[in-house]
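Asker: got a structure for you, letters missing:
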């Protein structure tokens, strides 16, 4: 749910629920009764979501050592991703993108702990649609994290002598994966070598986000999504040692550290550090209390 709308609804509910005089004066008005009903449902849903996220996060914290072992098992095909981005008008159009080619075999699921050989550098991908002008030239909103609960198992940066272009967030298979911002689905399939079931969203003329290794995809290529929409279920397809989502941000066709764009208040490390025994985890999009710092 949109943060501002949630706050407005919650404020209305508190105002209406805490004023007996207002109840007495407007209680017979149909619009007032409907507003109270909608507000009550919104507050109940928000509380349920917060409690559920908190309980899942508590479970993941207890399993942190095991979850830390779930990450990419080898290289993913950078060429394949660039091909999709270039076909969708992101970055420079490459020779491979302009010539096309047959899609590679579908990536298959693999059992946790089983490594795979590096992806083939020259893997081809199915064509991605050109942008239909459905995204803004520049996205000016805030981003949210792709998961409500999970453990960061591998950070952005140098890894195995190469560059890990995203972050890996481990959780149980089936954990909901959400769109970090509104955008257009420019890829939703399993044809990018190493990535398994993967989704790529285009948020504006330069920025995209990528979600890999999912067990199931909930959106299709060409669809429009809103921030917080369910787009996939976390899994372990492609080159993976166990259930996790490999998440990337790209500006043009260059990968950037997701921590530079995602809110620190929702960072799994921050949430885990900030959690008190009886304190619900922050809702996605709701800032944590002040004075909390990111764990390092």
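Answerer: Everything's here; your move. All values derive from a computational prediction rather than experimental measurement.
Asker: Tell me if I am right that residue 82 is in a helix.
Answerer: Yes. When DSSP: H, G, I helix; E, B strand; the rest coil is applied, residue 82 is found to be in a helix.
Asker: State the number of residues packed around the closest residue to it other than its chain neighbours.
Answerer: Nearest residue to residue 82, sequence neighbours excluded (Cβ to Cβ, 6 or more residues apart in numbering): residue 253, at 5.4 Å. Bear in mind the C-beta positions are built from the backbone N, C-alpha and C, glycine included. Neighbours of residue 253 under the rule other Cβ atoms under 10 Å: 19.
Asker: surely residue 253 meets residue 92?
Answerer: Yes. Contact between residue 253 and residue 92 holds when scored by Cβ atoms under 8 Å: they sit 6.9 Å apart.
Asker: between those two, what contacts are shared?
Answerer: Common neighbours of residue 253 and residue 92 are listed as residue 86 (criterion: Cβ atoms under 8 Å, 6 or more residues apart in numbering).
Asker: Residue 158 pairs with what?
Answerer: With DSSP bridges as the criterion, residue 158 is bridged to residue 163.
Asker: And residue 255, by the same measure?
Answerer: The partner list for residue 255 in beta bridges (DSSP bridges) reads residue 250.
Asker: For residue 150, see how far away it is.
Answerer: 20 Å (Cβ to Cβ, to the nearest Å).
Asker: between the two, which one's more packed in?
Answerer: Legend: neighbour count by other Cβ under 10 Å for residue 255 and residue 150, higher for residue 150 (27 against 17).
Asker: residue contacts, the more buried one?
Answerer: 57, 60, 67, 169-171, 175, 234, 244-245, 268.
Asker: Mind checking which of the residues you listed land in helices?
Answerer: 57, 60, 67, 268 (DSSP state H).
Asker: Of those residues, which is the most crowded?
Answerer: Comparing the ones in helices among the contacts of residue 150 by number of neighbours (other Cβ under 10 Å), residue 268 comes first, having 25 neighbours.
Asker: residues contacting that one?
Answerer: With contact taken as Cβ under 8 Å, 6+ apart, residue 268 is in contact with 57, 145, 147, 149-152, 169.
Asker: I'd like the next helix or strand past the helix or strand bottoming out on mean pLDDT in the chain.
Answerer: Taking all helices and strands of the chain together, the one with the lowest average confidence (mean pLDDT, DSSP states H and E) is helix 95-99, at a mean of 41. Tracing the chain C-terminally past helix 95-99 and defining elements by DSSP states H and E, one meets strand 151-154 next.
Asker: Give me the sheet partners of that next one and which way each runs.
Answerer: For strand 151-154, sheet partners with direction are given as strand 167-170 (antiparallel), following DSSP bridges.
Asker: so where's the protein uncertain?
Answerer: 1-49, 93-133, 275-296 (pLDDT under 70).
Asker: switch the cut-off to 80
Answerer: For the chain, the stretches flagged by pLDDT under 80 are 1-50, 75, 92-133, 160, 271-296.
Asker: Domain ranges for it, per the record?
Answerer: Structural domains of the chain, as assigned by automatic domain parsing, span the residue ranges 3-67, 78-262.
Asker: returning to what we had before: got the contact list for the residue nearest to residue 82?
Answerer: Taking Cβ under 8 Å, 6+ apart, we find residue 253 in contact with 82, 85-86, 90-92.
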